[in-house]
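**Student:** Compute the structure for the input listed below.
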Amino acid sequence: MGSDVGIMQVDLCGTDPAGAPLHLRWRLVAANGDGPRVPATAAVVLARKLARGELPGCGGARACLDLFTLDEFVDALEGHAITRTVEVA
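**Tutor:** Coordinates of the predicted model:
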């Protein structure tokens with residue numbers, strides 16, 4: 001059973017280029033019934049790229065890794081009640 005609202009959060013811990021501890025928190029929040037758009041958006045982005053001829057040629061089955069960027073994904077959510085934040089701690 002799912003819901004039409006939700007949140008996804010990813011926490012990353014490591015070090016910055018100078019070697020200091022770094023914690024990043026990426027959060028996506030879906031409100032007002034737009035939650036189901038999140039898992040479907042990858043298909044929308046790929047269908048649009050396919051229609052524009054922007055995907056690599058067919059060569060059989062392959063992983064869908066690196067076929068679009070996070071920015072392309074977020075841009076496809078424009079106009080919906082979905083927000084994204086990044087916190088640095």
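**Student:** Show me which parts of the lengthiest helix in the chain are buried, residue by residue.
**Tutor:** Assignment by DSSP state H gives helix 37-51 as the longest helix of the chain. For helix 37-51, the neighbour count (16 or more other CB atoms under 10 Å) marks 37-38, 41, 45-46 as buried. Bear in mind the C-beta positions are built from the backbone N, C-alpha and C, glycine included.
**Student:** quick one: which of the residues you listed is nearest to Gly19?
**Tutor:** Distances from Gly19 to the buried residues of helix 37-51, taken as CB to CB, are shortest for Val38 (35.3 Å).
**Student:** List the contacts of the residue nearest to that closest one when sequence neighbours are not counted.
**Tutor:** Leaving aside its sequence neighbours, Val38 sits nearest to Ala30 (CB to CB, 6 or more residues apart in numbering; 5.6 Å). Residues near Ala30 by CB atoms under 8 Å, 6 or more residues apart in numbering: 5-7, 37-38, 80-82.
**Student:** now, which of those residues lie within strands?
**Tutor:** Taking DSSP state E, the ones among these that sit in strands are 6-7, 82.
**Student:** Drop anything exposed from these.
**Tutor:** 6, 82.
**Student:** could the ones in strands among the contacts of Ala30 go into CSV alongside distance to Arg25?
**Tutor:** Below are those laid out as CSV (distance: CB to CB, whole Å):
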residue, distance to Arg25
Gly6, 16
Ile7, 12
Ile82, 17
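**Student:** Please convert the ones in strands among the contacts of Ala30 to TSV, extending it with pLDDT and distance to Glu54.
**Tutor:** TSV is the format used below for these (pLDDT from 0 to 100; distance: CB to CB, whole Å):
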residue	pLDDT	distance to Glu54
Gly6	92	30
Ile7	93	31
Ile82	95	23
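**Student:** Thank you kindly, that will do.
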